[in-house]
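1. Generate coordinates for the sequence data below:
(2 chains)
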Amino acid sequence: MNDYKYIWFFGLISTALIIFLPIALLVTGEELPSTNPWDNVAPTPVHTNHSALIEGEFTTGSEVTTACLECHETAAQQVMDTVHFTWESEPIQLPGREELVTVGKKNQINNFCIGIQGNWPSCTRCHAGYGWEDANYDFNQEANVDCLVCHADANIYAKGLAGEPAEGVDLLAAAQSVGSPTRQNCGSCHFNGGGGNAVKHGDLDESLYFPDEAVDVHMGRYDFECVDCHQTTDHQISGHMISVSPLDNDTLACTNCHSTDLHADERITSHVETVACQTCHIPEGATRNATKTQWDWSTAGQDLPEDPHVYLKIKGSFVYEDNILPTYAWFNGNADRYIVGDIIDPTQPTELTQPLGDITDPTAQIWPFKVHETLQPYDAVYNYLLIPRTAGEGGFWTEFDWDQAFRLAEEDTGLAYSGKYDFAPTTMHWTLTHLVQPKENALQCNDCHGENGRMDWEALGYYGDPLYWGGREQQLGLTTETAVDNQ
Amino acid sequence: MSKTTRILLAGTLLILLAIGVQLTTAQEDTETAVSPTGSPIHPTFPLLDADGNNVLDSGAPISTMQTCGACHDADFIASHSFHADAGLSQFGQTTDVHSWDNSSGPFGRWNPLLYRYLSPEGDSHVDLTTAEWIQWFVRHPGGGPATTSRDGQPLTALAADAANVETSIYDPATGSLAAWDWQESGTVEMNCFLCHMDNPNNEARIAALQAGDFAGANTATLVGTGLVETAVSGTYQYNPAAFDENGHLLPQYVTVQDPTTTNCGQCHGVTHTDTTTPLTLDSYTLGDYSTMTTGQVMSGQKISESGLNITDKANLNRSWDVHMERVFDCTNCHYALNNPIYFQEAAGPQPDHLTFDPRRLDLGDYIYRPLHEFAKGQSVQSLQAPGLDNTLRRCESCHSLDTTHNWLPYKERHTDALACETCHVPELYAPAVQYVDWTVLNSDSTPVVAYRGVEGNEFGADTLLMGYEPVLLPRENSDGQTPLAPFNLVTAWYWVYGDSERPIPLRDLKAAWLDGDGYAEEVLAVFDEDGNGRLSTAELNLDSDSKVAFLTQRLQALGLDNPRIASEIQPYSINHNVAFGDYATRDCATCHGPESRVTQGLTLADRTPGGVVPELTAVSGLLWTGEVQANDNGTLNFQPQAEAAGLYVLGHNAVGLIDLFGALAFVGVLLGIFVHGGLRWWFARQQIAHHPAALQEIYMYDVYERLWHWLQTAAILLLLFTGLVIHKPATFGIFSFSYVVQVHNVLAAILVINAVLSLFYHLASGEIKQFLPRPRGFFDQAIEQSLYYVRGIFRQEPHPFAKTREHKLNPLQQMTYFAILNLLLPLQIITGALMWGVQRWPETAVRLGGLPFLAPFHTLIAWLFAAFIVMHVYLTTTGHTPLAGIRAMMLGWDEVEVGAGQASVEAGD
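-> Numbering: from 1, shown residues only, chains lettered A, B, ... in the order given. Predicted coordinates:
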């Protein structure tokens, strides 16, 4: 042992260990967890460049689809299973109804342009398929699937009436340009919901094509594409909007990537059971482009001065607002839905998309909504909302004759028209869930609490401002554990 | 209520809400609503005049004492309120600050910012009489000196008398005092409306006060509320539609409430509680006092969302005040002291066995007699209500540091040395007064005022605000602690006169400077350097003896005896505008570096009127640990000194002498070994026939001996290095200060444990005796060894003492190690442990001189250690080959010269 030649080496190792082990164990660094959201997001797969793979001449969109299907054999079947193609949900059970109903653009109405029935060619410009121009559309034709609207370069490809490729589109170039869907692909329809930029949603508009970080932190600061959050499996894109998909049947949430206890401030953490992330991080809707908040169909058809944001003869009068203060309501992810033919009370606003949940519902959180208020036609005898034929032959937009529009629509919708119509108030709730702001711009305590707060606490079911009266746990004796157990 | 009912109810409410939103958004746009919502709880009541008659009948001004006193004990309220008293009850007492002060409250204490002086009885040059004080000091809410004379009589009982400062007023027309008839003017009762209504008309109140309509000032506060329609001076028309048939107010007009932040802000500072409109600010009035003097703005709005023009505003995402952001009102902290919600029993009379006494004042009793003395801290600017000092909850009364400050190394030390505000109010963003120069006068009779936190000196709507960092000075807390806390320093220059010194009245100052609407010809002749007929701020500066002499002469001509310039610095505590942790100071380098925040100075002024450098007058509440420095360019600075505050900031402070001495010792040793080594090398080359002595391998060092030696080597070297980084963090900027401090502590623990274990080894094995110099013949042997190093070594002579396993150390080594192990190492361990222990046992450290002594001492020993190591390493090269000694310490086997010295050599086993 005394002679061991390399004893110094072991000495060196032990000395180093004795010195550095305690340092490594006892000294705490100042490492903070990464704030880069990309750490938690599955990267978008690199898309194969198709420019050399696709040859030939295409005269119709369906020919392109057929070409795609040579390799992507199941793609069309997958797409035909999605609401992007069917525009209609599976039969679902809505609260208070015995029979199952299906909900979608195909068969239900909203309080914007009301319904697509009778107006197919215009509305189906945004259908992920080709040729839907009447009630007899064949949803089982693989060749009817439009691959290009989501996958082609949106600068090369565009859709026209009935969803057919717009005139003059170079289909070969479009087919060769395919890739992962970009903001432009999604935005070409979703940013223009309601017939134009920013009209419908209040949180989806063309400001998201090239946003700076003050528009949306994910897309502006971190350069997200839509599909980075709306992760997709077999063409089923996650995410849903209550107007066409009232039940919470998918899993897209902020907390897929973000931890619920990421706020350093305990005071904020104590809110996350009750308040949706969106409520604080989306202080306002329509921050860059004004959105439509009111629509009065009853003034349509008059020869008044026209301004697309104030009055159009074909549509009536509007109110557009920007930087809208959201309406707050409890929301557990599900909504009730006005189903065509439901009886209304025309003296009261009829809510077409009622968010479900209340203060006693432990799965409900306070959410921000854009509320769109409309005076829209209803049958004054049968007391249900009517769908006029607008765009089609003899429709209101050409003849300005409501009575005729409703009569013609009878054959499109199967909904009987008594011959008497009037206008009734309706409202629709639209979740505000884009235009996410970083913490610097998020709401702070005094935005909601105190004298100048924006919340109507009593309307939400509180005794009063929970800052003084206690939160719902205190008020209802709810705790998260027992609440979940009781479900 | 059943669950379904609740759901139905909630649903209905939701729908109603939706409709409500629709209706309100649709219609209400520009309409400025005068639709008050009444208090949900306060009963209706009649408005009564001073005689107790309904004002609807009498048309007389409202008496708050009668109206509110019908249910509340208004006399009790008014007589137990510093807000009303304003220093009247202390009138006649002087203060430490000015010999001419007559009270510590605003009724009697002179304030150089506001300048006007409430003259005592018999002053030859009267400035403010009681009546004019009421007209001028509009922050006063009435009661106290506005109703009661200095000797406690009702003012209305005093006969009008031009010879008495309580019953007269200066008449500009005659230039002398005229009688003031309190019967005619009435007095200002304590104004309940100003603080307890949600929309009081402060402007109308101030206008009534300034017009001398004292009786009507409280009534004027209601102009515009719908109760009082118009107010021509002295006459008020009540709106009959606001009253019911019994003469009581209709419920919607009873807007009585707890005072809000906005109520307080009318007199105390800039407040902004509206979350939607941006805060704007372009000037200060008297009612913005706290903002004007400190830059504090009470608003929950993010600074980035305010309408102010602030540098780098986009990144100031913090709110002006985090408590306001979190929906505080002023009254949450500054509560009525008998408010049963907030009531705190004084620690003194509380029995030890009780931690909480649930007995409370009955709410009814409280509402009958709500004490209008409010909890307050002990801010230095406010000598007000000294009896109420420290009735406020402190930061730590509500906040626990246990969960939030664990990231902070030496948490206890930091919180002992620093007030919470020091880190949590790092910067103020609204302008604050820097200096006020009353030795000169603008043509509108205002002084030259400079602001800090702005580009340039001036403050207006288009000023670029830069923010300013307050100066840190020890604050005397009620518990005896003196942590550093932030202050603004406001310097003032002004003229005083007379044997019993007092400020020159404003009207005399005006007479000296002005003539009608403009400057006097003679003044322009002296001051108007560019001859444009106006005096700029730069020209308005007493920067030469001749200008001072000129003014002195003019003031003397007005009958003022011995006019001279005085100066003072007023400190203003900063306790508001607290930032959330994310925005607080948390970077070690802010303080632990050459440019430490702790000693960051504050510019006092860019002028020194009359060459009078302000003195640091003693103020209770803070310690002036610093000095005023007059710079060559005419500017004045205040420079705080950490040492004077009893602080030694690691990485910032260093005792130059010790570093010099340590460095000299280190370099001296280095030089010494270069010379010595050089000589050895030179002699070795001269020695042509060098016959190396015969060598013999001895197992000199045991494994453990080698391990503890090298462990200690590594620990000491790393300690020296990390210590150096802590001592001069700026030089080693790549290392994280707090990380290095922690590493240093861990290394120190390793060193101490290693030292203790090896001490045990040496004691248990008896090897300790090798380190003990043997007294007998020690000096001879030491000299012999020394002679070897200065002579024999060059001649390649053998070592005088043989190195054996039993006697590894020669006498010199024994002496050196004896000193190092018994003196240096223990001292270094003790000083180091105490420095580490300032957080654990601060008293012990303080008893031994505290950081200002321990830290330099620790540094000194570190230097000595460094010098020793150099010497030690060099001496290991004095073996038969330079690396022999080191090799032996690594491998254990040493090659020892056969026949070296006289001592016998025994082979190791």
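2. ok, the residue of the stretch 101-250 of chain A found nearest chain B - contacts?
-> For the stretch 101-250 of chain A and chain B, the shortest gap (C-beta to the nearest C-beta) falls at residue A:214, measuring 9.5 Å. For every residue, glycine as well, the C-beta is placed using N, CA and C. Counting by C-beta atoms under 8 Å, 6 or more residues apart in numbering or on different chains, residue A:214 touches A:220, A:287, A:437, A:441.
3. Chain B next: which of the residues you listed are close?
-> Within the set of the contacts of residue A:214, contact with chain B (C-beta under 8 Å from any C-beta of the partner chain) is found for residue A:441.
4. Tell me the one of the contacts of residue A:214 nearest residue A:201?
-> Taking C-beta to C-beta as the measure, residue A:201 lies nearest residue A:287 of the contacts of residue A:214, at 12.4 Å.
5. List the residues that contact the residue nearest the centre of chain A.
-> The geometric centre of chain A, computed from its C-alpha atoms, lies nearest to residue A:241 (C-alpha atoms, centre = their mean), at 4.5 Å. Contacts for residue A:241 were tallied using C-beta under 8 Å, 6+ apart; they are A:201, A:430-431.
6. residue ranges for the strands of the stretch 151-300 of chain A, please.
-> Ranges of strands within the stretch 151-300 of chain A are A:232-233, A:236-237, A:291-296, based on DSSP state E, counting those that start in this stretch.
7. now those as a markdown table including mean neighbour count?
-> What follows is these, written out as a markdown table (neighbours: other C-beta atoms under 10 Å in any protein chain shown):
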| stretch | mean neighbour count |
| --- | --- |
| strand A:232-233 | 12 |
| strand A:236-237 | 16 |
| strand A:291-296 | 22 |
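8. Need those in CSV (columns: mean pLDDT and distance to chain B).
-> Written out in CSV, the entries for the strands of the stretch 151-300 of chain A read as follows (pLDDT from 0 to 100; distance: least, C-beta to the nearest C-beta, whole Å):
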stretch, mean pLDDT, distance to chain B
strand A:232-233, 92, 34
strand A:236-237, 94, 30
strand A:291-296, 97, 7
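9. Redo those as JSON lines? Include distance to residue B:428.
-> Compiled in JSON lines, these are given as follows (distance: least, C-beta to C-beta, whole Å):
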{"stretch": "strand A:232-233", "distance to residue B:428": "52"}
{"stretch": "strand A:236-237", "distance to residue B:428": "51"}
{"stretch": "strand A:291-296", "distance to residue B:428": "40"}
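10. To residue B:310, which of these lies closest?
-> Across the strands of the stretch 151-300 of chain A, the minimum distance to residue B:310, taken as C-beta to C-beta, is reached by strand A:291-296, at 31.9 Å.
11. Run through the neighbouring helices and strands of that closest one.
-> strand A:316-321, strand A:365-379 (3 or more C-beta pairs under 8 Å, 6 or more residues apart in numbering or on different chains; DSSP states H and E).
12. Name the stretch among these that sits most buried.
-> For those, ranked by mean neighbour count under the definition mean count of other C-beta atoms under 10 Å in any protein chain shown, the leader is strand A:365-379 at a mean of 23.
13. now that one, how far from the chain's geometric center?
-> With C-alpha atoms, centre = their mean, to the nearest Å as the basis, the distance from the averaged C-alpha position of strand A:365-379 to the chain average is 15 Å.
14. Same question for stretch B:387-403.
-> The gap between the average C-alpha position of stretch B:387-403 and the chain average comes to 16 Å, counting by C-alpha atoms, centre = their mean.
15. May I have the distance across that stretch, first residue to last?
-> Looking at stretch B:387-403, the gap from its leading to its trailing residue is 35 Å under the measure C-alpha to C-alpha, to the nearest Å.
16. Just the buried residues of it, please?
-> Neighbour counts using 16 or more other C-beta atoms under 10 Å in any protein chain shown place B:388-389, B:391-394 of stretch B:387-403 among the buried residues.
17. Which pLDDT value goes with the residue of the stretch 101-250 of chain A closest to chain B?
-> pLDDT, residue A:214: 91.
18. Repeat that for residue B:736.
-> Looking at residue B:736, its pLDDT stands at 85.
19. likewise residue B:130?
-> Value listed for residue B:130 in the pLDDT field: 96.
20. is it true that it touches residue B:155?
-> Yes - Residue B:130 sits in contact with residue B:155 when judged by C-beta atoms under 8 Å, with a separation of 7.3 Å.
21. joint contacts of those two?
-> With contacts taken as C-beta under 8 Å, 6+ apart, residue B:130 and residue B:155 have B:149, B:166 as neighbours in common.
22. which residues in the stretch 351-487 of chain A form helices?
-> Counting by DSSP state H, counting those that start in this stretch, the stretch 351-487 of chain A forms helices over residues A:396-399, A:402-413, A:445-448, A:457-460, A:466-469, A:472-476, A:480-486, given from the N-terminal end onward.
23. where among those is the average confidence lowest?
-> The stretch with the lowest average pLDDT out of those is helix A:480-486, scoring a mean of 43.
24. what comes up buried for the longest strand along chain B?
-> Of all the elements of type strand in chain B, the one with the most residues (DSSP state E) is strand B:484-497. The neighbour-count criterion (16+ other C-beta under 10 Å) identifies B:484-497 as the buried residues of strand B:484-497.
25. Understood, closing this out.
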